[in-house]
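give me a 3D structure for the following:
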Amino acid sequence: MNCHEEIIDYMHDYLDDDIKPEHKELLREHLQTCSECQEYFHEMKKAVALVQSTSHIKAPDDFTAKVMAQLPKETKTTGAKRWFKNHPFMTAAAMFIILMTGSVFSTYNQDEHFSVSKQSNLVVEGETVIVPAGETIEGNVVVQNGNIQIDGEVEGDVTVINGHKYMSKAGNVTGSIHVIDQAFEWMWYKVKDTATSLIPSHQGKNE
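The predicted structure is shown next:
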């Protein structure tokens, strides 16, 4: 069909009931002389009539649900990948926690040697650390895989990991005393210890 595009436009306007009188007359005259346009216009009118005849038909209420149920289901792996892609920060944080927890538990299970903080006036007898009577230990005392006997004073915290704490009546600790004998408690201690060590440098950057 090699007719002018304006004739096709007139057809559309006619079917939309929006055609101008002068255009309607031009369309009528053209259809009388062009068999191809007559056939095309006839098919268009049939299509419009078909659509109008089905406008009252309503799809079932569960039509959408049934169609969606027939579609290929998204695999759990694909869903997880999409979630990770949409939440990069949460993914990184989750991975950090998983790796950190695994590292902490591994270190906890493998680190069985005795150790103690380096204050010079602490006395070590075997695997027992003694705060002598009349002595003042400055700073935090940490004993791992051993015991502590407090007969003097500690100006700070005392932390015992996989051990026991003994304190005489004369003993005194100005800070807190932590006895850690479970992996979860030790992990929490390490997290708090790491956070505490980072605070001074963070404040220094802000000043």
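
for the rest of this, base every contact and every neighbour count on C-alpha atoms.
Noted.

the domain parsing of this structure - what is it?
5-53, 115-182 (automatic domain parsing).

nearest to residue 61, out of those domains?
domain 5-53 (20.8 Å; CA to CA).

ok, back up a step: pick the most deeply packed of the domains of the chain.
Highest mean neighbour count among these (mean count of other CA atoms under 10 Å): domain 115-182, with a mean of 17.

report the beta-bridge partners for the nearest residue to residue 166 once chain neighbours are set aside.
Among residues not flanking residue 166 along the chain, residue 149 sits closest, at 4.7 Å (CA to CA, 6 or more residues apart in numbering). Here residue 149 sits in beta bridges with residue 130, residue 166, as judged by DSSP bridges.

what's the separation between residue 149 and residue 125?
10 Å (CA to CA, to the nearest Å).

tell me who's in contact with residue 125.
Going by CA atoms under 8 Å, 6 or more residues apart in numbering, residue 125 touches no other residue.

one step back: pipe the domains of the chain into TSV and attach distance to residue 62 and mean pLDDT per row.
Below are these laid out as TSV (distance: least, CA to CA, whole Å; pLDDT from 0 to 100):
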stretch	distance to residue 62	mean pLDDT
domain 5-53	23	84
domain 115-182	55	91
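
want to throw these into a markdown table with distance to residue 61?
Converted to a markdown table, those look like this (distance: least, CA to CA, whole Å):
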| stretch | distance to residue 61 |
| --- | --- |
| domain 5-53 | 21 |
| domain 115-182 | 58 |
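
what segments of this structure are helices?
In the chain, the helices defined using DSSP state H lie at 5-15, 21-33, 35-53, 63-70, 76-86, 88-110, 183-206.

helices or strands up against the second one?
Helix 21-33 makes packing contacts with helix 5-15, helix 35-53 when contacts are defined by 3 or more CA pairs under 8 Å, 6 or more residues apart in numbering; DSSP states H and E.

quick one: closest of the ones you listed to residue 26.
The nearest among these, by CA to CA, is helix 5-15 at 8.3 Å.

the closest one packs against which elements?
Applying 3+ CA pairs under 8 Å, 6+ apart, we find helix 5-15 packed against helix 21-33, helix 35-53.

need those helices in a markdown table (columns: distance to residue 168).
Formatted as a markdown table, the helices and strands packed on helix 5-15 follow (distance: least, CA to CA, whole Å):
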| stretch | distance to residue 168 |
| --- | --- |
| helix 21-33 | 111 |
| helix 35-53 | 96 |
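
residue contacts, residue 113?
Contacts of residue 113 (CA under 8 Å, 6+ apart): 144, 145.
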